[in-house]
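A.B. asks: sequence plus the predicted model coming up.
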Amino acid sequence: MRYAVVLINIKALGVKTFSYLIPDDMQDKIQIGQPVLVPFGRQGLVNAFVVGFSDYLPEGIKAKRINRILDETPLFSIKYLKLLEWVANYYCCDFVSVLNAAIPMKLIEKNSKTEQSVELTPMGELALQSDKTSKESGITKRQREVLKGLKSDGKCSLIDFEERTKTTRTTMKKLEEKGLVKFNLEYVYRNPLTIFKDVPTEPLYELTPEQEEVYEGIKGKLKSQQPILLHGVTASGKTEIYFKLIKDVIDSGKNVLFLAPEIALASQLTKRLAKKFGINDVAIWHSSISDGEKYDVWQRLYKNEIKILAGARSAVFAPLQNIGLIIIDEEHEGAYKQTSPAPRYDARTVAKRLAQFYQAPLLLGSATPDVSTYYFAQNNNNLFQLLKRYNNAPLAVPAVINMQEYGRTAYRGIISKPLQTEITETVEAGKQVILLMNRRGFSTYTQCKSCGTVIECPDCSIPMVWHSDGKKMKCHYCSKEMSMPEFCPSCGSDALTNSGTGTQKIEILVRELFPEYRVERIDSDILTRKNAHIELLNRFQKGEIDILVGTQMIAKGLDNPNVTLVGVISADTGFSVPDFRASERGFQLLTQVAGRAGRGEYKGKVLFQTYNPDYYAFRTAKSQDFEKFFETEIKARQEFDYPPFSQIVRIILSSMNNYRAEKSAMELAMRLNTMTEKFGFTEYLETLGPTPCVIAKINGYYRFQILIKNKLDKNGHEFIHKFLDKIELPKDIRLAVDVDPLDIL
Ligand code: ADP
Ligand code: ZN
Ligand code: ZN
């Protein structure tokens with residue numbers, strides 16, 4: 001081969017591929033995955049990665065030579081690139097966007113670098129032990145603290161240590177001059193898990209007979225090429241079963257990838273894993289670990305030094321070798337899907353492919369499985385269930401408060417008498433309360449009482465939401481903020497009123513009703529304060545908060561045995577969204593939040609306030625009866641050819657100009673229909689639209705959508721991909737393709 005295709009990270013453009021001539025003396029050394037140095041325009045020599053080879057160049061291009069190979073050990077394999085290529089094909093996006101999502105920038109920009117490490121010298125040790133005053137020893141109080149910190153951390157990266165302990169280089173240099181610490185020039189891996197280093201390890205628990213049966217059952221399916229589903233109610237011991245399986249796999253010399261839907265849950269999980277398997281074999285990966293940490297974990301993974309990798313969505317792209325098992329917990333969570341930007345991948349789908357590459361099993365777990373996952377697992381005989389909590393702790397069965405009856409007497413029409421009574425009794429008994437309101441803000445819309453106009457975001461076709469804490473109106477799509485107008489923009493009347501209910505209003509009402517109780521709120525509005533969310537959860541965990549009000553952020557993962565009451569202010573929210581997954585999402589949310597009550601030895605109570613007590617998804621959520629919900633839901637999906645009976649590809653065309661967006665969407669739909677007919681796919685592919693999206697305008701862009709339902713013809717997807725590949729659109733039209741979209745709003 002004469003040319004190498006390499007990746008370069010260009011500041012303004014992101015990662016792009018270029019071809020370079022391979023000098024003769026490199027011919028038998030160069031390999032895919034190696035970092036190389038290449039000349040690049042005015043930037044001089046830059047770092048790049050070899051991703052392919054070719055004998056020819058596109059016409060008119062003159063290739064420069066590769067300067068040198070930086071490191072002969074490659075950092076990823078051909079297999080790995082094949083997976084990324086598959087992702088690009090499946091999600092109908094370009095390969096480079098997948099590379100950008102998968103490979104940390106640092107890996108491409110910089111390459112194995114030695115860094116200074118720091119450690120305590122014997123003299124430093126002595127100084128710490130002596131009880132001389134700072135005057136006698138010449139060591140300030142601050143310096144002493146630093147030495148103490150270093151003693152507990154052990155030898156570590158200098159930069160990291162400084163960052164962690166907020167120490168300046170000057171301080172460190174002074175300590176070095178005094179001979180109390182020593183700098184070394186060498187590579188030190190940053191292990192984000194050192195925070196868990198004092199956690200004592202624990203043996204695995206003995207499984208209960210029910211758990212044992214499920215564990216044995218799953219073991220019998222480990223050769224299956226199809227995903228295995230563990231449907232187990234909250235706190236039934238799913239995680240304990242995962243641990244047993246993990247132990248088997250690592251004992252057999254293979255590695256495990258374990259995904260959790262969110263960073264916070266992934267961290268909790270990592271801590272639990274480190275406790276069971278020791279910190280050296282476990283690593284964590286998600287979008288918030290630093291580039292440096294990612295770089296280190298990447299290297300260790302590639303060298304096969306890590307046995308268990310836990311992480312959030314993006315960890316599916318970490319180059320874990322020799323995979324023997326992939327586990328995806330809370331598999332129903334929308335967070336596994338990247339909605340924007342491309343690649344709009346679903347980590348579950350990518351994991352399924354990855355598992356097939358390694359002939360490893362994929363185990364999905366949830367208390368409220370995705371309807372499609374459940375359907376396929378059942379059909380493939382890969383379904384396992386744990387329908388009781390560990391220790392037979394009872395699941396709280398929700399009671400329904402029909403607001404048609406209780407609404408009038410409720411506080412401000414919102415908090416019913418029975419809920420008020422339960423709150424009082426719970427807090428008086430020293431227990432804690434969770435109140436779910438799945439909308440943030442104070443009200444949900446502002447309307448003119450004279451002419452009916454609703455104030456919308458000027459750039460998006462959705463109502464602006466009044467936020468009482470910042471005294472501002474906010475758009476929940478583009479984040480635009482404005483102050484509340486004094487007069488109606490249409491008729492000039494001053495009769496503007498806030499309607500609808502959000503978390504901020506609930507917080508205020510609850511504080512009014514219970515001035516003596518400690519009330520706090522968690523929703524994404526508080527996330528502007530760094531770690532505010534974790535701090536509040538910690539305080540709640542410690543019993544410093546009596547009533548926690550929040551959005552779905554408080555429905556997941558929270559394991560506080562002292563919570564005995566969960567109230568859902570408006571259990572209807574969500575079910576009425578015009579989307580085929582609305583019932584599923586509503587069911588999941590209510591079941592999950594109900595699962596927060598009564599996790600300890602005290603029995604829990606759950607109250608749902610609703611105006612539609614008879615709706616099926618609601619009724620089944622009330623009895624926490626997944627199977628009943630599934631039976632009704634799957635029939636509706638079948639009738640309308642929604643997943644799992646079809647695969648949906650959503651195409652959105654948008655433009656600042658409404659007419660041009662619509663026109664190009666119509667042209668595209670027409671061309672699609674013609675091609676579908678020409679290639680004989682009419683029986684399998686159904687094209688819907690174009691129609692304006694439910695949210696017709698976002699950020700000034702008018703949006704039109706075309707939905708393709710592929711009724712599971714195996715060549716249909718390939719056809720769609722090829723069709724989209726050839727599309728050329730005018731510059732002012734934006735195209736977004738979403739394969740298996742989460743919603744169609
Ligand atoms: P899930 O993952 O289904 O929510 P967990 O595995 O977290 O459930 O189990 C809930 C709680 O019960 C945890 O504190 C767990 O340690 C405990 N538990 C579950 N099974 C066992 C067991 N066989 N022996 C001891 N404790 C168990
Ligand atoms: Zn008006
Ligand atoms: Zn907006």
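C.D. replies: Perfect, I can see it now. Ligands and ions are numbered 1, 2, ... in the order given.

A.B. asks: how about the nearest residue to H476, chain neighbours excluded?
C.D. replies: V465 (5.9 Å; C-beta to C-beta, 6 or more residues apart in numbering). C-beta: built from backbone N, CA, C; applies to glycine.

A.B. asks: would you confirm that R68 contacts V38?
C.D. replies: No: applying C-beta atoms under 8 Å as the test, R68 and V38 come out as separate, 9.1 Å apart.

A.B. asks: hey, C-alpha coordinates of the lengthiest strand in the chain in CSV?
C.D. replies: Longest among the strand segments of the chain by residue count, using DSSP state E, is strand 685-698. Extracted in CSV, the C-alpha atoms of strand 685-698 (Å, rounded to 0.1, in the frame of the first residue of the first chain):
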residue,chain,number,x,y,z
LEU,A,685,-41.8,0.8,3.5
GLU,A,686,-44.4,3.3,4.3
THR,A,687,-43.7,7.0,4.0
LEU,A,688,-45.7,9.4,6.2
GLY,A,689,-45.6,13.1,5.6
PRO,A,690,-44.2,15.6,5.2
THR,A,691,-46.0,17.2,8.1
PRO,A,692,-44.9,20.1,10.3
CYS,A,693,-43.4,18.7,13.4
VAL,A,694,-45.5,18.9,16.6
ILE,A,695,-43.0,21.5,17.7
ALA,A,696,-43.1,23.3,14.4
LYS,A,697,-40.3,25.8,15.1
ILE,A,698,-37.2,25.5,17.2
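
A.B. asks: and that strand, which strands flank it?
C.D. replies: Partners of strand 685-698 in the sheet, by DSSP bridges, are strand 701-710 (antiparallel).

A.B. asks: close to ligand 3, is the partner strand?
C.D. replies: No: Strand 701-710 lies apart from ligand 3 when judged by C-beta under 5 Å from the ion; the minimum separation is 10.5 Å.

A.B. asks: centre of the chain versus that strand, how much separation?
C.D. replies: Its chain's average C-alpha position is 25 Å from that of strand 701-710, according to C-alpha atoms, centre = their mean, to the nearest Å.

A.B. asks: residues of it that come out buried?
C.D. replies: Applying a neighbour-count criterion of 16 or more other C-beta atoms under 10 Å, the buried positions in strand 701-710 are 701-710.

A.B. asks: picking that back up, quick one: contacts for the residue nearest to H476?
C.D. replies: V465 sits next to 440-445, 473-476, 502 when contact means C-beta atoms under 8 Å, 6 or more residues apart in numbering.

A.B. asks: hey, what's it bridged with?
C.D. replies: K474.

A.B. asks: quick check, pLDDT for it.
C.D. replies: As predicted, V465 sits at a pLDDT of 88.

A.B. asks: what residues does this protein have near ligand 3?
C.D. replies: By C-beta under 5 Å from the ion, the part of the chain that sits against ligand 3 consists of 457, 459-460, 475, 477-478, 480.

A.B. asks: now the residue nearest the centre of the chain: closest residue in space that isn't a chain neighbour?
C.D. replies: In the chain, the residue lying closest to the centroid (C-alpha atoms, centre = their mean) is A335, at 4.0 Å. Once flanking residues are discounted, A335 sits nearest to P261: 4.2 Å by C-beta to C-beta, 6+ apart.

A.B. asks: could you look up the next helix or strand downstream of the least confident helix or strand in the chain by mean pLDDT?
C.D. replies: Within the chain, no helix or strand scores below helix 105-109, which has a mean of 61 by mean pLDDT, DSSP states H and E. Counting by DSSP states H and E, the next helix or strand C-terminal to helix 105-109 is strand 115-120.

A.B. asks: for the residue of the stretch 351-500 of the chain found nearest ligand 1, give its distance to ligand 3.
C.D. replies: Residue of the stretch 351-500 of the chain nearest ligand 1, by C-beta to the nearest ligand atom: Y390 (3.7 Å). Counting by C-beta to the ion, to the nearest Å, the gap from Y390 to ligand 3 is 46 Å.

A.B. asks: pLDDT added to the buried residues of strand 701-710, as a markdown table?
C.D. replies: As requested, these are exported to a markdown table (pLDDT from 0 to 100):
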| residue | pLDDT |
| --- | --- |
| Y701 | 93 |
| Y702 | 93 |
| R703 | 93 |
| F704 | 94 |
| Q705 | 93 |
| I706 | 93 |
| L707 | 91 |
| I708 | 92 |
| K709 | 91 |
| N710 | 90 |
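
A.B. asks: what sits against L496?
C.D. replies: Residues in contact with L496 (C-beta under 8 Å, 6+ apart) are 446-449, 455, 484-488.

A.B. asks: now the buried members of the residues you listed.
C.D. replies: 446-448, 455, 488.

A.B. asks: ok, and which of those reach ligand 2?
C.D. replies: Applying C-beta under 5 Å from the ion to the buried ones among the contacts of L496, those adjacent to ligand 2 are 448, 488.

A.B. asks: helices of the stretch 401-550 of the chain, start to end?
C.D. replies: Using DSSP state H, counting those that start in this stretch, the helices of the stretch 401-550 of the chain run over residues 403-406, 417-428, 503-513, 532-541.

A.B. asks: make that the stretch 151-300 of the chain, sorry
C.D. replies: 158-165, 169-177, 209-219, 238-251, 263-277, 291-302.

A.B. asks: of all those, which lies closest to L653?
C.D. replies: helix 263-277 (33.2 Å; C-beta to C-beta).

A.B. asks: that closest one and ligand 1 in contact?
C.D. replies: No: against ligand 1, helix 263-277 shows no contacts by C-beta under 6 Å from any ligand atom, the least distance being 8.3 Å.

A.B. asks: before we move on, back to that, the residue nearest to A335 contacts Y336, correct?
C.D. replies: Yes: P261 lies in contact with Y336 (C-beta under 8 Å); the separation is 6.0 Å.

A.B. asks: helix or strand for the residue nearest to T610 when sequence neighbours are not counted, which one?
C.D. replies: Nearest residue to T610 in three dimensions, chain neighbours excluded: A571, at 4.4 Å (C-beta to C-beta, 6+ apart). Assessed by DSSP H and E, A571 sits outside every helix and strand.

A.B. asks: one step back: separation between the residue nearest to A335 and ligand 1?
C.D. replies: Distance of P261 to ligand 1, computed by C-beta to the nearest ligand atom, to the nearest Å: 13 Å.

A.B. asks: same question for I289.
C.D. replies: For I289, the distance to ligand 1 (C-beta to the nearest ligand atom) stands at 24 Å.

A.B. asks: show me the shaky parts of the stretch 401-550 of the chain.
C.D. replies: Within the stretch 401-550 of the chain, the ranges that satisfy pLDDT under 70 run 527-531.

A.B. asks: got the helices of the stretch 151-300 of the chain as TSV, with mean pLDDT and mean neighbour count columns?
C.D. replies: As requested, those are exported to TSV (pLDDT from 0 to 100; neighbours: other C-beta atoms under 10 Å):
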stretch	mean pLDDT	mean neighbour count
helix 158-165	79	17
helix 169-177	89	15
helix 209-219	96	16
helix 238-251	96	19
helix 263-277	86	20
helix 291-302	81	20
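
A.B. asks: one step back: got the confidence number for the residue nearest to A335?
C.D. replies: 92.

A.B. asks: buried sites along stretch 738-745?
C.D. replies: Neighbour-count burial for stretch 738-745 flags 738-744 (criterion: 16+ other C-beta under 10 Å).

A.B. asks: contact partners for R68?
C.D. replies: Neighbouring residues of R68 by C-beta under 8 Å, 6+ apart: 26, 36-37.

A.B. asks: my reading is that the residue nearest to the centre of the chain lies in a helix. Confirm?
C.D. replies: Yes: per DSSP: H, G, I helix; E, B strand; the rest coil, A335 lies within a helix segment.

A.B. asks: correct me, but it touches E262?
C.D. replies: Yes: here A335 reaches E262: they are 5.7 Å apart, a contact under C-beta under 8 Å.

A.B. asks: what sits in contact with each of the two?
C.D. replies: With C-beta under 8 Å, 6+ apart, A335 and E262 have common neighbours A312.

A.B. asks: coming back round to it: who wins on neighbours among the residues of the chain next to ligand 3?
C.D. replies: Using other C-beta atoms under 10 Å as the neighbour test, those are led by C457, with 24 neighbours.
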